[in-house]
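Trainee: Here is my input; please provide its structure:
(2 chains)
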Amino acid sequence: MELTGADIFVRCLADEGVEYVFGYPGGAALHIYDALYRQDKVKHILVRHEQGAAHAADGYARATGRPGVVLVTSGPGVTNTITGIATAYMDSIPLVVFSGQVPTSLIGDDAFQEVDAVGITRPCVKHNFLVKDVKDLAATIKKAFYIASTGRPGPVLVDIPKDITAHKCEYEYPRTVSMRSYTPVTDGDPVLIRQAVDLMLSAKRPMIYTGGGIVLGEASAALTELVRLLDYPCTNTLMGLGGYPATDPLFVGMLGMHGTYEANMAMHECDVLIGIGARFDDRVTGDLSKFCPHARIIHVDVDPSSISKNVPAAIPVVGAAEPVMREMIKLVNASDRKPDKQALVAWWKQIGQWRAMNCLDFDRDSKLIKPQYVLEKLYQLTGGDAYITSDVGQHQMWAAQFYKFDKPRRWINSGGLGTMGFGLPAAMGVKLAFPDATVACVTGEASIQMCIQELSTCKQYDLPIVIVNLNNRYMGMVRQWQEFFYDRRYSHSYMDALPDFVKLSEAYGHVGFKIEQPGDVEGAIKEALKMKDRLVFLDFITDQTENVYPMIAAGKGQHEMHLNPCKAVVPTDRELA
Amino acid sequence: MRHTISMLLENESGALSRVAGLFSARGYNIESLTVAPTEDETLSRLTLVTNGSEDVIEQITKQLNKLVDVVKLVDLTEGQHIEREMLLIKVNAGGATRAEIRRVVDEYRARILEESETTCTIELTGASETLDAFVTAVSRAGIIEVVRSGVSGIARGENSLRV
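Mentor: As a prediction, this is how the structure comes out:
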């Protein structure tokens, strides 16, 4: 039987196993919305702004590992998703975005709500398609899911003109895809893996540095096994948190601009660096000329263009993290050579000294609420087992530092693009995927206002998220940079005329609490966690002057960190030697 | 260093803009770019001349390979290869200059395609440097228009770029 393009579309989603579509209707997508109405396999979540749809689908994808699906109309519908698509692109998140388009006969005519969706998204998608014939629709959708979720994952856009959704053809969903121009690799070159293992085992001061590739590649178990087998220190990037259990003694914390003292010092001093599923991004490396000056570098990545892009690798291994590490484990076990025990004892002693700096410590006697304290409590009271989404800024860094993620896919944040407004819609996607889990959105009063309208979506679909708003009445990270680098000229970083977040939450039909005293923090979080059927907005009025430490300023090496002034002054290299 | 990269692209709308867009987005240079369908109408052959350090060229080839529409790619500069470019040029050819132009055309084995009272349109195919030299040689007559195709390249001997 022949089906319309719109019916084929929803059948494809159902056959692809899509659970949720995040979207917003409009003229060019109306045939599709009508087809959605007439079926019950795929659930549609109506957001309040298309950016929210993209972030929600992204949060769903990060938490589940399955592609997130977005459906929007042409023109402003699709342009509103751009920030969300770019966010997913920078963090390699599998997303399939469907946009309605004006009918093929009107393309190029500056028709109502027409925009060149394929052109405008091209720089921030892994690939995109314009469907020109209803006969190509099912195969294109299959390809879109395949491309989005294999190799280095990423967003794929499929632009569907309105007439295509009305045209009819026979429906058959392709079982397999084969594309001559797209053949992602998985296994690494065995010769290079052997060389990598030889170099790893020759290390005196090894360091394992892993990123989002571990999470995306479902490689946490393999990483944990490899690290424990070798007894080497392991650090995670912001995107890689949860890839290795944070409470494990071999974990030295996050590295980079706001990484721990021990992680950054160990990077600086290591003699063999094993980078897996990480891309040596500028927030990690600091000044490249000072990066890991003593290290020979092994780099494992599924994307060849990530290797030797910023830092040349002595041993480049193109392959997926999981199979490559499994091979490494096999080789280490089979090798006569074992890790240098004696050298490791000295190395761990040195790391222990750096760790003893207790670099994340903060002023615990303050009369004001310290943001770090809120996160420490959130971690304790959720038993470390919540899904934490975050927005972007100081609160994001504190969440990364103070919430110890033992499992992958629990830490959901916009690392690459740094998108304020990500946290709340992302939390919606996570909560839909895991309705029984605790989902908290750590945010600030500036970020939360960028997608605050989604509180309405949370009401409609009954999504009891805990919003932890660290309200310092400033764009905190901007203010911090202005304090450090612009002589305290706080140009436009102060948020005047803030809404009453408690009343605002209530207006949306939720519960809000304002917390002003450190003594009330614990009680408020407990109360919020108890209200399992309500969204609770916790508005913590925090110390405005608090900064994120440690900090590596732009142009500095990893070993040149500012530490919290409440700590001892930074020891010199000589003192550490 | 100058590199000539040759690739087979899916012959689909937008494929060329992905290649061109990659170069502008990542700040790479394009010296010239030619593209046309091959004997297999589903494929286009594209020759791109760029320059940059070895690291940059490595990134360029990796990034190009990552484009879903790029089927196969080779950096021709890594091996023996042939490069050719075509020039169409219109020059002033009134009075005494015509004889001089004919002499230069013969010397370069170029071809006069058309002549008018005052102008002469010439075709020349060859290496880019030959074309440069020819343009200089006829420039005294007064150049009206220069049209160059950009470089097309192919590997020498038994090496080939095929699916």
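Trainee: ok, now which ones touch the nearest residue to A:Gly259 once chain neighbours are set aside?
Mentor: Leaving aside its chain neighbours, A:Gly259 sits nearest to A:Gly253 (6.3 Å; criterion: Cβ to Cβ, 6 or more residues apart in numbering or on different chains). C-beta coordinates here come from the backbone N, C-alpha and C atoms, glycine included. In this structure, A:Gly253 makes contact with A:Thr235, A:Ala246, A:Gly259, A:Thr260, A:Glu262, A:Ala263, A:Leu360, A:Gln401, judged by Cβ atoms under 8 Å, 6 or more residues apart in numbering or on different chains.
Trainee: Quick check: which helices or strands does the longest strand belonging to chain B pack against?
Mentor: Counting by DSSP state E, the longest strand found in chain B is strand B:81-92. When contacts are defined as 3 or more Cβ pairs under 8 Å, 6 or more residues apart in numbering or on different chains; DSSP states H and E, strand B:81-92 packs onto strand B:119-126, helix B:128-139, strand B:143-148, strand B:152-155.
Trainee: quick revisit: select from the contacts of A:Gly253 the one having the most neighbours.
Mentor: Highest neighbour count within the contacts of A:Gly253: A:Gly259, with 30 neighbours (other Cβ atoms under 10 Å in any protein chain shown).
Trainee: before we move on, the earlier item: rounded mean pLDDT for the longest strand of chain B, please.
Mentor: Confidence over strand B:81-92 (mean pLDDT, whole number) is 97.
Trainee: Name the residues of it that are buried.
Mentor: Of the residues in strand B:81-92, B:His81, B:Glu83, B:Arg84, B:Glu85, B:Met86, B:Leu87, B:Ile89, B:Lys90, B:Val91, B:Asn92 count as buried by neighbour count, 16 or more other Cβ atoms under 10 Å in any protein chain shown.
Trainee: before we move on, the earlier item: want to throw the contacts of A:Gly253 into CSV with secondary structure and pLDDT?
Mentor: Shown next, in CSV, are these (DSSP: H, G, I helix; E, B strand; the rest coil; pLDDT from 0 to 100):
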residue, secondary structure, pLDDT
A:Thr235, strand, 98
A:Ala246, coil, 98
A:Gly259, coil, 97
A:Thr260, coil, 97
A:Glu262, helix, 97
A:Ala263, helix, 97
A:Leu360, coil, 96
A:Gln401, helix, 98
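Trainee: Need the max-distance pair from those.
Mentor: Looking at the contacts of A:Gly253 by Cβ to Cβ, the two members farthest from one another are A:Thr235 and A:Leu360, with 14.1 Å of separation.
Trainee: before we move on, back to that, from the buried residues of strand B:81-92, which is closest to chain A?
Mentor: The shortest distance between chain A and any of these, using Cβ to the nearest Cβ, involves B:His81 and amounts to 22.9 Å.
Trainee: what's the distance between that closest one and A:Gly242?
Mentor: In this view, B:His81 and A:Gly242 are 49 Å apart by Cβ to Cβ, to the nearest Å.
Trainee: what's the spacing between the nearest residue to A:Cys292 once chain neighbours are set aside and chain B?
Mentor: Setting aside the residues directly before and after it, A:Cys292 is nearest to A:Leu273 in space (Cβ to Cβ, 6+ apart), at 5.3 Å. To chain B, A:Leu273 is 19 Å away according to Cβ to the nearest Cβ, to the nearest Å.
Trainee: Now name the helix or strand holding A:Leu273.
Mentor: strand A:272-276 (DSSP states H and E).
Trainee: Need phi/psi at the residue most central in space within chain A.
Mentor: A centroid search over chain A (Cα atoms, centre = their mean) returns A:Asn413, at 3.9 Å, as the residue closest to the centre. Geometry field for A:Asn413 lists phi and psi as phi -150, psi 160, criterion degrees, to the nearest 10.
Trainee: Name the residues of the helix or strand where A:Leu455 lies that come out as buried.
Mentor: With secondary structure defined by DSSP H and E, A:Leu455 is part of helix A:454-460. Residues of helix A:454-460 classed as buried: A:Glu454, A:Leu455, A:Ser456, A:Thr457, A:Cys458 (neighbour count, 16+ other Cβ under 10 Å).
Trainee: Settle this for me: A:Gln396 is touching A:Asn413, isn't it.
Mentor: Yes: at 5.7 Å, A:Gln396 counts as touching A:Asn413 under the criterion of Cβ atoms under 8 Å.
Trainee: overlap in contacts of those two?
Mentor: Where contact means Cβ under 8 Å, 6+ apart, the residues bridging A:Gln396 and A:Asn413 through contact with each are A:Ser390.
Trainee: For the stretch 251-400 of chain A, which segments count as helices?
Mentor: Counting by DSSP state H, counting those that start in this stretch, residue ranges of the helices within the stretch 251-400 of chain A are A:261-269, A:282-285, A:321-334, A:341-355, A:371-381, A:394-402.
Trainee: Could you dump those into a markdown table and include distance to chain B?
Mentor: What follows is the helices of the stretch 251-400 of chain A, written out as a markdown table (distance: least, Cβ to the nearest Cβ, whole Å):
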| stretch | distance to chain B |
| --- | --- |
| helix A:261-269 | 22 |
| helix A:282-285 | 15 |
| helix A:321-334 | 18 |
| helix A:341-355 | 32 |
| helix A:371-381 | 37 |
| helix A:394-402 | 26 |
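Trainee: between those helices, which gets the lowest average pLDDT?
Mentor: Set side by side, these show their lowest mean pLDDT on helix A:282-285, which sits at a mean of 92.
Trainee: how many other residues sit next to A:Cys234?
Mentor: A count of neighbours around A:Cys234, defined by other Cβ under 10 Å, yields 28.
Trainee: B:Val163 now?
Mentor: Burial of B:Val163 is recorded as 11 neighbouring residues (other Cβ under 10 Å).
Trainee: try A:Arg194
Mentor: Residues contacting A:Arg194 under the criterion other Cβ under 10 Å number 15.
Trainee: so what's the nearest residue to it once chain neighbours are set aside up against?
Mentor: Nearest-residue entry for A:Arg194: A:Leu331, 6.2 Å, with adjacent residues in sequence omitted and distances by Cβ to Cβ, 6+ apart. A:Leu331 is in contact with A:Ile193, A:Arg194, A:Val197, counting by Cβ under 8 Å, 6+ apart.
Trainee: got a pLDDT number for the last one?
Mentor: This points to A:Val197. The predicted structure scores A:Val197 at 98 on the pLDDT scale.
Trainee: Please identify the buried residues of the stretch of helix or strand B:Val71 belongs to?
Mentor: Per DSSP H and E: B:Val71 is located in strand B:70-75. Judged by neighbour count using 16+ other Cβ under 10 Å, the buried positions of strand B:70-75 are B:Val70, B:Val71, B:Leu73, B:Val74, B:Asp75.
Trainee: so the fourth one touches B:Leu8, yeah?
Mentor: Okay, so that is B:Val74. No: contact status for B:Val74 versus B:Leu8: not in contact, 9.2 Å apart, counting by Cβ under 8 Å.
Trainee: could you pull out the strands for the stretch 1-150 of chain A?
Mentor: A:2-4, A:20-23, A:43-46, A:68-72, A:95-101, A:127-130 (DSSP state E, counting those that start in this stretch).
Trainee: just to revisit the earlier point, and for the longest strand of chain B, what's in contact with it?
Mentor: The contact list for strand B:81-92 (Cβ under 8 Å, 6+ apart) reads B:4, B:32, B:76, B:101, B:113, B:118-128, B:131, B:134-135, B:138, B:141-156.
Trainee: and the angle from the next helix or strand after that strand to helix B:128-139?
Mentor: From strand B:81-92 onward toward the C-terminus, using DSSP H and E, the following helix or strand is helix B:97-107. With axes from the mean of the first three to the mean of the last three Cα atoms, to 10 degrees defining the directions, helix B:97-107 sits at 160 degrees from helix B:128-139.
Trainee: starting at the chain centroid, how far to helix B:97-107?
Mentor: 25 Å (Cα atoms, centre = their mean, to the nearest Å).
Trainee: residues near B:Ala99, how many?
Mentor: Counted with other Cβ under 10 Å, the neighbours of B:Ala99 add up to 9.
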